[in-house]
Structures are given as C-alpha cells and as structure tokens.
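below is the sequence, then the predicted model.
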There are 2 protein chains.
Amino acid sequence: MKHALRQHIEEIISLTDQEFEFILSHFETIKKRKHQYIVQEGELVKKEYWITKGCAKSYFLDEKGKEHILQFAMEQWWITDYESFVKQVPSKIYIDCLEDCEFLYITFENRDKLTEQMHQMERFWAKKSKFGRIALQNRILSLLKSSAKERYDLLLEQYPQLFQRVPKKLIASYLGVSRETLSRLDSK
Amino acid sequence: MKHALRQHIEEIISLTDQEFEFILSHFETIKKRKHQYIVQEGELVKKEYWITKGCAKSYFLDEKGKEHILQFAMEQWWITDYESFVKQVPSKIYIDCLEDCEFLYITFENRDKLTEQMHQMERFWAKKSKFGRIALQNRILSLLKSSAKERYDLLLEQYPQLFQRVPKKLIASYLGVSRETLSRLDSK
DNA sequence: TATAAAGTGTGACCTACATCACTTCAAAGT
DNA sequence: ACTTTGAAGTGATGTAGGTCACACTTTATA
C-alpha cells in the first residue's frame, strides 16, 4: 500500500518510487498532544505541516482576547501560517492541536531545495495554492452574502466530519457568530 | 523606459530583453468601454487580465439580485475569475469595467506554454498566487473580527485611491454593508 | 440641452445577532 | 472517586446594521 502522502501528491502529479522517496526525505515527523501549539503569535514560521493523524485549528486573537478561527485541518490537510511562512514575517496567529496529532513537516529551506531539484513539485504546490485561494474566495463570498444559518448549513453539508470532532463553540468562531447564536440555529 | 509589465514581473524575477519579449509575445491587448464585461456568469473563463489602464470590479449576484464585490482592480493589477480559470468550470461571477479600460491578457493555453518554456514564470505566478491567498486570508480576518467602521477605515488607509475612483455604494458592497450604513459611517 | 438614470444623504423603523447571566451535563485531571 | 473545567442550552435585553422611503444632486444619453 502506498504512503498516504504519496497518494496525496499523486492526485496532482505522478511519481516513481525513487521520486517519492526523494520527496519524503525532505520531510520530518513530529507528534504533539492535544492543546500543544505548532505555531504561536510572534514567531517566524519555518515549517509547513501535513497532518497524518488528528485535528488542529489556526486562529487569531483580537484585542479583547476573542478567538477567530481561520482554518480547521484534519488528516491529509496542510496547515501553517502562510503569511509568516511565505513572507517570513512574524506570525499573527496560533495553531494548536484539538486532538493528539502526528504531522509530517517540511521546512522553508527543504521546500526550496526540493522544488529546485524536482520541478514538478513546483506544479504541485502551485496547484495547492491556487485551490487554497479559491476556497478562501468562496468563504469571503459566503461571509458577504449568507446569513449565519446559511453558512452553518453549508459548512455542515461540506464538512460533516467536523461536527463530530470539534466543539460547537469553535465552529461558531469559524462561522463568525457567537456560541449562543449557533446554539439557537439548530432549532430554526 | 521599461514596459510596465516588465517592471511588474521584475519585482519578482529578473529578465533579459529577449526573455521579456518572449513573455510579451504570449499576451494580447484589448480595450473595453465603461460598463462592458470581460467575464460573465456561466462562461468558461480562458483569460487572465492585467490592467494597463482603467479600473474594474469582479462581483457575484445573489438570489435577490444583490451585488457582492469580490475584488476591485486598477492599473497593474491582475483580474479574472480564478475559480473558472483554474478549474475550468463555469464562472459564478461577473467582471466589468468601472472606467474605459485597456488590458493585456494571457490565455490559459499560452500561460501553460509560457511556463513550460520559461520555468521562472512558474515562480512568478506561484508567488502571485501565494500573495493573493494571503490577502484573501486577511480579508476574512477583517470580516470576522472588525466592525463595518473598522473595515472602512482600514480600506481607506490601504487604498485611498479607490475612494476617488469608485462609487461609495460599491465600496459598501465590498465591505459587506449597505450603502446607507456606509454613508452614516463617515460621521462616526 | 432636456430627460432619464445613477449616486448620495438622511429619517423612521426593523431584525439578526451579540452580550450577559445562569443552568445542566459531560469530560478531564489529580 | 472527587473535583474542577469546559461544553452546551436558554432567557432577557441591547445594538449594529439592514430595509424602506424620500429628497437632492451629479452624470449619462437621446
């Protein structure tokens, strides 16, 4: 059976065994317990993470200490603070584990090296980036045009697994509504 | 004096004269009058546009016919429906000119050809895509955490030129508030 | 240059959602 | 096993921003 990362990459580009081994040699593994951070505000983010097990959230704290969720990520999802990772500026966000997690990560330097030596990986990441951008655009659209209830229903439809794994108050924060409002939405 | 597009590309990668000529040969020019469309709902978008003159908006119409603005673009900005362009699915949005415009555009096919023959252009577009994604992420952040007034002030600070060129009701639509509310924001 | 159409401001009123306060229940941590 | 912590529901009340209606002004267009 193929490595999960290989399957993931082969959704976009095809690889020989050696090529995949070469890619994999640029990654490292890390385990984290629930509630541990992989990114904290103020740091320069040097790694991009791919989740092999568990579930994490990236979020921003406002002046009042209120948490606003940018992204959830589960198995086979990438997560990092792209602003910090790409521009090499201090992070404005936190990423922490909602469950015990295992990640494969690649550093900034290794990603550069890998793309230099394997041109196709540029295509892989370009495509990921394009798709990520499209997803964000659709989220903006839904924030602009839809009510809380509509956004809730859409999320439930698109990611039902999420509702099994993460507390509703975090879903509320992702949708941009209060816990209380989200709780009242079910009965509508 | 260097071509404006060359300057734009050279912010990211450096080019020889021949290389730039080669790049430019993959683009075409088009002029459009105010109110004319470059993208309409339902079509398969085959071109990515770079504005050399004028100003345009991309927007989505909801069931009630209300317009939600995704993006404004002015000189030296790229615009297209990336979802349709990248995935080759029918567009959900419109793009039209707010002033008489001139564009350079590149087709899907030419973009592919160009990147195959000039590896560096992959880097250029990858970077554009990454930065675009970061900008969208920050817009989501601001929709989640800030009031209408705060979003208004931030936009005014970041893009003061916009307020000279586009009607306030469109700015309202971009910010996700009603015209009337935007109008009352000034006095706050 | 007349006439229509679009942009903008402002008052009156409405509503979706926030905030605060309290309760219940389940799940961790020691 | 006990106790602390967090998740979740719900009532009462507040408020930002929406909607509707109308006036006035600026910009297109026949």
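It's in.

now the spatially closest residue to A:Gln117 that is not a sequence neighbour: how far from B:Tyr37?
Closest residue in space to A:Gln117, ignoring its immediate chain neighbours: A:Phe22 at 7.6 Å, by CB to CB, 6 or more residues apart in numbering or on different chains. All C-beta atoms are positioned from the backbone trio N, CA, C, and that covers glycine. Distance of A:Phe22 to B:Tyr37, given as CB to CB, to the nearest Å: 47 Å.

and the pLDDT at A:Met1?
A:Met1 carries a pLDDT value of 84.

actually A:Lys188, sorry about that
pLDDT at A:Lys188 comes out at 65.

again, but for A:Lys64
You'll see A:Lys64 listed with a pLDDT of 88.

that's a strand at it, yeah?
No - assessed with DSSP: H, G, I helix; E, B strand; the rest coil, A:Lys64 is coil; it does not lie in a strand.

okay, now it: neighbour count?
Neighbour count of A:Lys64, defined by other CB atoms under 10 Å in any protein chain shown: 6.

A:Ala148 too?
A:Ala148 has 17 nearby residues by other CB under 10 Å.

in space, what's closest to it - neighbours in sequence excluded?
Excluding the flanking residues, the one nearest A:Ala148 by CB to CB, 6+ apart is A:Val177, at 4.5 Å.

tell me the contacts of that neighbour?
A:Ala148, A:Arg151, A:Tyr152, A:Leu185 (CB atoms under 8 Å, 6 or more residues apart in numbering or on different chains).

spatially nearest residue to the second one, not counting backbone neighbours?
Residue nearest to A:Arg151 in three dimensions, not counting chain neighbours: A:Leu175, with 5.0 Å by CB to CB, 6+ apart.

that neighbour and A:Glu150, how far apart?
Distance from A:Leu175 to A:Glu150, by CB to CB: 10 Å.

have a look at the two and say which one is more surrounded.
Counted by other CB under 10 Å, A:Leu175 and A:Glu150 do not tie: A:Leu175 has more neighbours, with 24 against 13.

contacting residues for the more buried one?
A:Ala148, A:Arg151, A:Tyr152, A:Leu155, A:Leu182.

and for the residue of chain A found nearest DNA strand C, the neighbour number?
Per CB to the nearest atom of the strand, A:Thr181 is where chain A lies closest to DNA strand C, at 3.0 Å. Close neighbours of A:Thr181, defined as other CB under 10 Å, add up to 14.

may I have the secondary structure class of it?
Look at A:Thr181: counting by three-state DSSP, its state is helix.

now do the SS call for the residue nearest to A:Ala148.
Looking at A:Val177 with three-state DSSP, the answer is coil.

quick one on the thing from earlier: look up the closest residue to the residue of chain A closest to DNA strand C, ignoring the ones flanking it.
A:Ala148 (6.0 Å).

can you give me the distance of that neighbour to A:Leu175?
Separation of A:Ala148 from A:Leu175 (CB to CB): 6 Å.

return the distance of the residue nearest to A:Arg151 relative to B:Asp62.
On the measure of CB to CB, A:Leu175 and B:Asp62 end up 18 Å apart.

same question for A:Glu102.
For A:Glu102, the distance to B:Asp62 - CB to CB - is 42 Å.

who has more neighbours, the two?
Per other CB under 10 Å, whichever of A:Glu102 and B:Asp62 has more neighbours is A:Glu102, with 15 against 12.

dump the residue contacts of the closest residue to the more buried one other than its chain neighbours.
Of all residues not flanking A:Glu102 in the chain, A:Lys53 sits nearest, at 4.1 Å (CB to CB, 6+ apart). Going by CB under 8 Å, 6+ apart, A:Lys53 touches A:Glu75, A:Asp100, A:Cys101, A:Glu102.

which of the residues you listed ranks first by neighbour count?
Among the contacts of A:Lys53, A:Cys101 has more neighbours than the rest - 24 neighbours, counting by other CB under 10 Å.

what sits against it?
A:Lys31, A:Lys32, A:Arg33, A:Lys34, A:Ile51, A:Lys53, A:Gly54, A:Cys55, A:Ala56.

so where's chain A shaky on pLDDT?
A:188 (pLDDT under 70).

residues of it that sit close to DNA strand C?
A:His35, A:Ser147, A:Ala148, A:Lys149, A:Gly176, A:Val177, A:Ser178, A:Glu180, A:Thr181 (CB under 7 Å from any atom of the strand).
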